[in-house]
Every structure is written in structure tokens, then in C-alpha cells.
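Chemist: Quick one, fold the following:
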Amino acid sequence: MLNVGSIEQGFVLDHIRAGKAMTIYHDLKLDKLDCCVAIIKNAKSNKMGKKDIIKVECPVDELDLSIVGFIDPNITVNIIEHGEIVGKKKLELPKQIVNVIKCKNPRCITSIEQELDQIFTLTDKEHAIYRCRYCEEKYHGHRNK
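Modeler: Below you'll find the model as predicted:
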């Protein structure tokens with residue numbers, strides 16, 4: 001059995017669909033932070049069969065966890081302080097996401113103006129539909145589907 005040590009302060013992302021940990025790692029830009037990150041892929045899970053887990057040792061407010069809600073709102077976020085779980089954060093679809101997905105409309109201003117942020121706004125929560133702020137191009141579904 002694999003044993004990954006505990007963390008003092010940070011968070012644990014649990015119940016990640018197997019194979020999606022690296023997507024979250026890149027979308028949260030964890031490679032740009034100077035912090036300790038442990039990624040466990042294909043861990044056994046009674047509920048899911050297999051799952052991924054990410055442990056991050058850094059202050060929780062350093063990251064935009066709404067991105068995780070976009071990827072999969074069913075992921076569990078355990079907040080760790082002094083080596084203990086002090087809370088769980090319930091994820092939801094964020095109202096807006098920036099620079100996580102790209103507009104596929106070739107006529108969109110973001111295709112021409114490369115320095116513009118790719119901004120999508122949630123327009124239909126029930127069906128997880130986002131629209132480009134500039135051209136209204138539709139993006140349907142969570143990132144992991």
C-alpha cells in the first residue's frame with residue numbers, strides 16, 4: 001500500500017475521476033507555485049472503483065478552487081490546518097471562468113487579439129452551459145467530459 005505523508009496546511013482534492021489529476025494540476029497552475037504537491041493516480045475507491053487524489057501544501061487562499069468546480073463539482077475539497085481536516089468546501093459551477101477553456105469560434109475577437117482573456121460566463125446552471133463573453137459561443141458540459 002502506498003503511504004503519502006500528511007500535510008500541515010493546505011488542502012486535499014479527493015474523489016477526482018481517475019485520470020483527471022493532471023488536468024487539475026495544470027488548470028490550477030500548481031506547476032507555477034513553490035509548494036509541495038502529491039498526486040496519487042488510480043487509487044482504489046469503494047465508491048468510484050478508481051480515483052485520483054491531489055494533496056497541496058500551501059495556503060488555501062492562494063488558489064482559485066472555482067476552477068475545480070468547473071472541472072467536476074463532485075470533487076471533495078478537504079481543508080487542512082495543523083495537520084488536521086478543519087473543513088470541507090462544497091464546490092459549485094463557477095459563475096465565470098477565465099483562461100481555462102478557449103473559444104472555438106474562429107470569428108471571435110479572442111482568435112485575433114491573443115492577449116485577451118478567454119472569459120466564459122455560466123448561462124444555464126442546470127445543463128452546465130457557458131458562453132463566451134465576447135461572441136456568445138456556447139461551451140457545454142464540465143471540463144472532464
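Chemist: Now do the same contact list for the most centrally placed residue in the chain.
Modeler: When the chain is reduced to its mean C-alpha position, the closest residue under C-alpha atoms, centre = their mean turns out to be Val68, at 2.2 Å. For Val68, the contacting residues are 13, 24, 28, 75, 77, 91, by C-beta atoms under 8 Å, 6 or more residues apart in numbering. No exception for glycine: its C-beta is placed from N, CA and C like everyone else's.
Chemist: Quickly find the element holding it.
Modeler: helix 66-71 (DSSP states H and E).
Chemist: pLDDT of that helix, averaged?
Modeler: For helix 66-71, mean pLDDT is 86.
Chemist: In space, what's closest to the residue of the chain most remote from its centre - neighbours in sequence excluded?
Modeler: Relative to the C-alpha centroid of the chain, counting by C-alpha atoms, centre = their mean, Arg107 is the outermost residue, at 28.2 Å. Take Arg107 and drop its neighbours on the chain: the residue closest to it by C-beta to C-beta, 6 or more residues apart in numbering is Cys135, 6.9 Å away.
Chemist: Repeat that for Gln9.
Modeler: For Gln9, the spatially nearest residue (C-beta to C-beta, 6+ apart) is Glu81, at 5.6 Å.
Chemist: Likewise for Ile109?
Modeler: Nearest non-adjacent residue to Ile109, counting by C-beta to C-beta, 6+ apart: Tyr134, 4.9 Å away.
Chemist: what's near enough to touch the closest residue to Cys35 other than its chain neighbours?
Modeler: Nearest residue to Cys35, sequence neighbours excluded (C-beta to C-beta, 6+ apart): Cys58, at 3.7 Å. By C-beta under 8 Å, 6+ apart, the residues touching Cys58 are 9-10, 33, 35-36.
Chemist: if we can go back for a sec, could you measure from the residue nearest to Ile109 over to Asp117?
Modeler: Separation of Tyr134 from Asp117 (C-beta to C-beta, to the nearest Å) stands at 10 Å.
Chemist: so Arg131 bridges to which residues?
Modeler: Thr121, Lys138 (DSSP bridges).
Chemist: Now do the helices in this protein.
Modeler: 21-27, 66-71, 109-112 (DSSP state H).
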